[in-house]
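**Q** model this:
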Amino acid sequence: MGVVFKKEGFIAMVGLNTPETRNALGPDTLLELNKCWEECNADNSVRAVILYSELPDIFCSGMDLRTAIPVMTGARPPETEGEKWLVSDNKAVGKAMLKHKDLDRPVIAAVNGYCLTGGFEMAMGCELRVASEDAIFQMRETRLGIMPIGGSNVFLPMQVGSARAMEILLTGNEFSAETLLQWGFLNRVVTKEKLMEEAMAFAERIAGNGPKSVRGMVRLSRQIKGLGLDEAMNKELMVGAPVFVSDDAREGVRAQKEKRKPDFK
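**A** Okay, here's the model as predicted:
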């Protein structure tokens, strides 16, 4: 099973689970991930998503050099369902890695151990990122003579600044969780034992908030990237104004006045 998918109340859990490849992202795994995002998007009961690894010492070893890369470079024709999907859609990698993202629920990455290339790119596509103290991040594409095409060149400069992004992308060096916390890429660094607890705390807090407002802000954060000030402000009004007149908004205000927990629908 390449991907474990389960739900706990309002929270969906998406776990990478291919021990034989150290959670490398092969075509079939990428397709499974995309199906998970689509399922979350179609399920109104899902309010937050946690992306994690089922393996104790690694989050993701990156794109699978034995399966995904040969198909993507045309070294061999596609055979499996995942391989055919990968070559039929030039946005397939971006969709699986949350860059071309239709999912309007916040995704929280819980990163343990090694988080390499494609795994690092997937973390960039998440709204929040928690890492264990032993986490190591690395973009190795330049060492292989290829370029990242899962959104790193676009997302990483916005997340850590241009100079630091170029250092990560061009050198291929390893970076510790503590360094990336200081650079603003990570929200929290915790002990390995506390990783899922911290990710779940984020998810539960978000899931208890107004789902329409949360979903609106996730959509908006994607849509305003690269826009000028006026366009971005107009987009904010377009997305935010309907939330203000929603049932959720009225319930939230009532609950505040009545000093009780809101019952968002």
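**Q** Can you list the buried residues in the worst-scoring helix or strand of the chain on mean pLDDT?
**A** Least confident element among the helices and strands of the chain, by mean pLDDT, DSSP states H and E: helix 229-244 (a mean of 77). Buried positions in helix 229-244, judged by neighbour count with 16 or more other CB atoms under 10 Å: Glu236, Val239, Val243. All C-beta atoms are positioned from the backbone trio N, CA, C, and that covers glycine.
**Q** Stretch 258-265 too?
**A** Residues Pro262, Phe264 are the ones in stretch 258-265 that count as buried (16+ other CB under 10 Å).
**Q** rewinding a little: same for the least confident helix or strand of the chain, what does it pack against?
**A** For helix 229-244, the packing partners by 3 or more CB pairs under 8 Å, 6 or more residues apart in numbering; DSSP states H and E come out as helix 211-223.
**Q** Could you list every helix and strand that the helix it packs on packs against?
**A** Using 3+ CB pairs under 8 Å, 6+ apart as the test, helix 211-223 ends up in contact with helix 229-244, helix 247-257.
**Q** Let me have those in TSV, adding distance to Arg215 as columns.
**A** Listed next are these as TSV, based on distance: least, CB to CB, whole Å:
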stretch	distance to Arg215
helix 229-244	9
helix 247-257	10
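**Q** which of the buried residues of helix 229-244 lies closest to Ile58?
**A** The nearest member of the buried residues of helix 229-244 to Ile58, counting by CB to CB, is Val239 at 37.2 Å.
**Q** so the closest one sits right up against Gln223, yeah?
**A** Yes - with contacts counted by CB atoms under 8 Å, Val239 reaches Gln223, the gap being 7.2 Å.
**Q** mind checking how far stretch 3-19 is from the chain centre?
**A** 13 Å (CA atoms, centre = their mean, to the nearest Å).
**Q** And stretch 197-212, by the same measure?
**A** Taking mean C-alpha positions (CA atoms, centre = their mean), stretch 197-212 and its chain are 15 Å apart.
**Q** List the buried residues in it.
**A** In stretch 197-212, counting by 16+ other CB under 10 Å, buried: Glu198, Ala199, Met200, Phe202, Ala203, Ile206, Ala207, Asn209, Gly210, Pro211, Lys212.
**Q** who does Lys7 bridge with?
**A** With DSSP bridges applied, Lys7 shows beta-bridge pairing to Ala12.
**Q** which residues does it contact?
**A** If a contact means CB atoms under 8 Å, 6 or more residues apart in numbering, then Lys7 has Met13, Asp43, Ser45, Val46 as its contacts.
**Q** among those, which ones are buried?
**A** Buried, going by 16+ other CB under 10 Å: Met13, Val46, out of these.
**Q** confidence score at Ile69?
**A** Looking at Ile69, its pLDDT stands at 78.
**Q** ok, Met124 - contacts?
**A** Contacts of Met124 by CB under 8 Å, 6+ apart are Met97, Lys99, Gly151, Ser152, Phe155, Leu156, Gln159.
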